[in-house]
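Novice: Sequence and predicted model, in that order:
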Amino acid sequence: MKERPTSMDRRGFLRLAGLGATGLAVIDLAACTQDGSGDGGGGPLRIGALYPISGSLALLGEESWRGVEIALELRNQKGGVAGRKLEAVRADIPDVNAASSEARRLVTQENLGLLVGAYSSSLSLAASEVAARSGKTYFELGAIADDITNRGYQSVWRTNPPAKTFTEAQLEFVRDWVAPALKKEPAALKIAIAHEDSAYGSSVARTLEEQAKPMGFGTIVKVPYSAKANDLSAIVLNLKSIAADVVIAVSYAQDAVLLGRQAKENGLRIPVFIGTGGGHSLASFAEGLGPAADGVFNVDFTQFEVQRSFAPGLEDFLAEYRKRYSSEPRSGHSLANFMGANVVFDILEQTKGSTDPKEIARVAKALDVPEGKTATGWGVRFDDKNQNTRAKPFVTQWSGGKLKTVWPKEAAVMEPVLKAPFQA
């Protein structure tokens, strides 16, 4: 059956059955007669998947979706969940308004009881609020703003690390490795935070500032900017005047490259530059800057240059990704969403396909997966805010066009190197 056109198609909304986007038959999901909540019945078990696949966030949005897509297809090859095939109703959410309206449509018109998404924190906050207020379940698989699981919504869950753990990892790395490497005490370091000013960047910057003082750090200067700006030279010149020892950047894809290019053009020399996931983990960042990217650190989800013994199942994921897309993954976002989707599917297996929030909560709260037992190296244990406490970011560094894990030692494939970036 062919997909039935609707007015939503102009905004990129796709209705997918399993891997419809990569060659399998696309089903008109509106014609499905099974209960969209997933409770009972022998028909396909449908879930909503909200990601930005158009607009400025499309690159990582699409990469994140690929992880869900691979997890879904592999699960269907094994018989699906609770004896039912999985189907994803995929919605394009390029901005906050679309995130709210599409989430509302999925839970009302499509009658879906469970949604996953969304990569961007601003989009996740909007979509998850709609789901929660509608009495539906939402799993965040990639966005990191702390507020996603700090609002008291009992049906909103997150499988990936929050901003707080990113900033903890950054500051611990600066304290334990950067300060000794620069031969300075943490209190003597001048740290600048260059961050895009949406919920994502602002949440990370705020948390960094709050955590730095108790850890013994001195001067912290925040330098916000718009990720939609087409000129960041004023930000670079500001950073140059600050003369920081360490710059911690919080960027999306396009602004990460732009900031790096203009740092090179304006002769910005920073001893240590540390990204916060997002654009600094993308292959396009290294491609856009070439050798000038070497030396940039990044704290992020598990990347692919990591000790394999620490991330069982990673090789299988990579093999499936290469087979399906004829390329290497563009960032660890696909892997994080792959891991998260599998957690969701494992929960649905135990609820026998039910998406009733109480049933999901009963199963999710009982999950106890040790670290080092998933493809990301993360474990699974949800706290009273529905945040997975066994998901932790790692420190990586660009070297020779590859993003290599350097911290902690048990996951590292190389030692960190003190090298000022943006100089080549």
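Specialist: Cool, got the structure. Numbering: from 1, shown residues only.

Novice: Spell out the secondary structure type for the residue positioned nearest the centre of the chain.
Specialist: Centroid check for the chain by CA atoms, centre = their mean gives residue 142 as the closest residue, at 2.9 Å. Secondary structure assignment for residue 142 (DSSP: H, G, I helix; E, B strand; the rest coil): coil.

Novice: was I right about it contacting residue 63?
Specialist: No - in this structure, residue 142 is not within contact of residue 63 by CB atoms under 8 Å, at 9.4 Å. C-betas here are computed from N, CA, C, even on glycine.

Novice: list residues touching both of the two?
Specialist: Shared contacts of residue 142 and residue 63, defined by CB atoms under 8 Å, 6 or more residues apart in numbering, comprise residue 333.

Novice: What's the local residue count around the nearest residue to residue 202 once chain neighbours are set aside?
Specialist: Spatial nearest neighbour of residue 202, chain neighbours left out: residue 195 (6.8 Å); criterion: CB to CB, 6 or more residues apart in numbering. Neighbour count for residue 195, taken as other CB atoms under 10 Å: 25.

Novice: Find me the pLDDT at residue 195, would you?
Specialist: We have a pLDDT of 97 for residue 195.

Novice: just residue 335 next, same as before
Specialist: Taking residue 335 on its own, its pLDDT is 97.

Novice: wait, doesn't it sit right on residue 300?
Specialist: No - using CB under 8 Å, residue 335 is not in contact with residue 300; the gap is 10.5 Å.

Novice: more crowded one of those two?
Specialist: A count of neighbours by other CB under 10 Å puts residue 335 above the other of residue 335 and residue 300, at 30 against 26.

Novice: ok, now which ones touch the more buried one?
Specialist: Residue 335 neighbours (CB under 8 Å, 6+ apart): 67, 301, 302, 303, 304, 314, 317, 329, 375, 376.

Novice: now, which of these lie within helices?
Specialist: Of the positions in these, 67, 314, 317 sit in helices, assigned by DSSP state H.

Novice: mind putting these in a markdown table, distance to residue 349 included?
Specialist: Below are the ones in helices among the contacts of residue 335 laid out as a markdown table (distance: CB to CB, whole Å):
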| residue | distance to residue 349 |
| --- | --- |
| 67 | 19 |
| 314 | 22 |
| 317 | 19 |
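
Novice: Which of these ranks first by neighbour count?
Specialist: Neighbour-wise, these (other CB under 10 Å) top out at residue 67, 26 neighbours.

Novice: I'd guessed that residue sits against residue 342; true?
Specialist: No - using CB under 8 Å, residue 67 makes no contact with residue 342, being 9.4 Å away.

Novice: and residue 293, what does it touch?
Specialist: Contacts of residue 293 by CB under 8 Å, 6+ apart are 260, 285, 286, 398, 401, 421.

Novice: ok, it to residue 403 distance?
Specialist: 9 Å (CB to CB, to the nearest Å).

Novice: name the element residue 205 belongs to?
Specialist: Using DSSP states H and E, residue 205 falls within helix 199-212.

Novice: List the buried residues of that helix.
Specialist: In terms of neighbour count (16 or more other CB atoms under 10 Å), helix 199-212 has its buried residues at 199-209, 211-212.

Novice: and what of stretch 142-160?
Specialist: 142-146, 148-149, 153, 155-160.

Novice: What's the end-to-end length of it?
Specialist: 6 Å (CA to CA, to the nearest Å).

Novice: any idea of the mean pLDDT in that stretch?
Specialist: 95.

Novice: tell me how far it is from the chain's mean position?
Specialist: 12 Å (CA atoms, centre = their mean, to the nearest Å).

Novice: Check whether residue 292 really touches residue 423, as I assumed.
Specialist: Yes - the pair formed by residue 292 and residue 423 meets the contact definition of CB under 8 Å, at 6.6 Å.

Novice: and the helix or strand containing residue 340, which residues are buried?
Specialist: Per DSSP H and E: residue 340 is located in helix 333-350. Using 16+ other CB under 10 Å as the burial criterion, the residues of helix 333-350 that qualify are 333-348, 350.

Novice: same question, stretch 52-66
Specialist: 52-54, 56-66.

Novice: hmm, which two among those are most spread apart?
Specialist: Greatest spacing in these, by CB to CB: 56 and 66 (18.4 Å).

Novice: Overlap of the contact sets of residue 292 and residue 423?
Specialist: residue 264.

Novice: follow-up on the earlier one: which neighbours in the sheet does whichever strand or helix holds the residue nearest to residue 202 have, and how are they oriented?
Specialist: Here residue 195, judged by DSSP H and E, is contained in strand 191-196. Sheet pairing for strand 191-196, assigned by DSSP bridges, gives strand 220-225 (parallel), strand 246-250 (parallel).
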